[in-house]
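Q: Predicted model and sequence follow; I will ask about them next.
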Amino acid sequence: MTIDITSLSALRLSEAVRKGEISAEASLNAYFARIEWLEPTVKAFLAVTKDSALDQARLLDRKRQKGEKLGALAGVPVALKDNIQLKDVETTCGSKILKGHIAAYDATVTRRLKESDAVIIGKTNLDEFAMGSSTENSAFQKTTNPWDSACVPGGSSGGSAAAAAARLCAFSLGSDTGGSIRQPAAFCGVVGLKPTYGMVSRYGLVAFASSLDQIGPFTRTVEDSALALSVIGGHDPLDSTS
């Protein structure tokens, strides 16, 4: 029986990669094929980091072949809202003001994902500077709802919600200040978690309102949401409110 890799939960996919049932490279290629098919309609991504992601996947496969232990998110493709820093990749916050700004460091959540052997596959669209509720206010493109392209995906984390719902990534991260995870999760029919304030470090998140901003996951199952939170959560000395 042929396995549809993109239909697997993040938990099941990571288990399969660690056991050698699926290679990390095969996981990435399945998702990139789906992005190539659906992204022209959904328009969830502002950047797809295909080359670096495949390099990371091949490195994970070599580690597994050598018998080295892999992390909790081994080979799991993850997308980041484009207000979360990913080193050496442009961070625009959906604004032409920041076009050309290359992140000099990883956000804490990005670093923790990498340390768990997740593979970052791209940056997702958002309302400009996360100020909006439909992802129609990006300076670059309008994201559509993957269930009905005539509808909006919600916002401001609409690109992350749409990417998760369309299975363009195993899960994604967004940010919530006044509903920007919860509302698009509802619009797109996925699990959106706004963590307790201080549970997830905001270091490397471009601020909207620092007393309210929170980073959280979009997943297709509650179990995956718990898995994602177990990786990105926890105290961080780089965030004084952590």
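A: Great, that's in hand. Numbering: from 1, shown residues only.

Q: Show the low-confidence segments of the chain, by residue range.
A: Where the chain drops to pLDDT under 70, the residues are 1.

Q: can you pull out the strands in it?
A: Secondary structure of the chain (DSSP state E): strands located at 45-48, 77-81, 119-124, 171-176, 191-192, 214-219.

Q: As JSON lines, the ones you listed with mean neighbour count would be great.
A: In short, each C-beta sits where N, CA and C put it, glycine included. Below are these laid out as JSON lines (neighbours: other Cβ atoms under 10 Å):
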{"stretch": "strand 45-48", "mean neighbour count": "21"}
{"stretch": "strand 77-81", "mean neighbour count": "31"}
{"stretch": "strand 119-124", "mean neighbour count": "29"}
{"stretch": "strand 171-176", "mean neighbour count": "28"}
{"stretch": "strand 191-192", "mean neighbour count": "24"}
{"stretch": "strand 214-219", "mean neighbour count": "27"}
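
Q: Using CSV, please lay out those together with distance to residue 9.
A: Converted to CSV, the strands of the chain look like this (distance: least, Cβ to Cβ, whole Å):
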stretch, distance to residue 9
strand 45-48, 21
strand 77-81, 13
strand 119-124, 16
strand 171-176, 9
strand 191-192, 11
strand 214-219, 8
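
Q: Tell me which of these lies nearest to residue 3.
A: strand 77-81 (15.3 Å; Cβ to Cβ).

Q: which helices and strands does the closest one pack with?
A: Where contact means 3 or more Cβ pairs under 8 Å, 6 or more residues apart in numbering; DSSP states H and E, strand 77-81 is packed against helix 24-42, strand 119-124, helix 158-165, strand 171-176.

Q: closest one to residue 133 among the strands of the chain?
A: Nearest of the strands of the chain (Cβ to Cβ): strand 171-176, 11.5 Å.

Q: quick revisit: just send the helices and strands packed on strand 77-81 back as JSON lines, with distance to residue 62 too.
A: Below are the helices and strands packed on strand 77-81 laid out as JSON lines (distance: least, Cβ to Cβ, whole Å):
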{"stretch": "helix 24-42", "distance to residue 62": "10"}
{"stretch": "strand 119-124", "distance to residue 62": "14"}
{"stretch": "helix 158-165", "distance to residue 62": "28"}
{"stretch": "strand 171-176", "distance to residue 62": "25"}
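
Q: among the ones you listed, which is nearest residue 11?
A: Of all those, strand 171-176 comes closest under Cβ to Cβ, at 10.1 Å.

Q: now the residue nearest to residue 180 when sequence neighbours are not counted: how far from residue 131?
A: In space, and not counting its chain neighbours, residue 180 is closest to residue 156: 4.3 Å by Cβ to Cβ, 6 or more residues apart in numbering. When distance is defined by Cβ to Cβ, to the nearest Å, residue 156 is 7 Å away from residue 131.

Q: Among those two, which residue is more densely surrounded?
A: The residue with more neighbours, out of residue 156 and residue 131, is residue 156; 35 against 17, by other Cβ atoms under 10 Å.

Q: got the buried residues for stretch 196-207?
A: Neighbour-count burial for stretch 196-207, counted by 16 or more other Cβ atoms under 10 Å, picks out 199-206.

Q: closest to residue 241 among the residues you listed?
A: Closest to residue 241, out of all of the buried residues of stretch 196-207 and judged by Cβ to Cβ, is residue 202, at 7.2 Å.

Q: That closest one is in contact with residue 210, isn't it?
A: Yes: assessed by Cβ atoms under 8 Å, residue 202 is found in contact with residue 210 at 7.0 Å.

Q: Show me the beta-bridge partners of residue 218.
A: Note on residue 218: beta-bridge partners residue 172, residue 192, judged by DSSP bridges.
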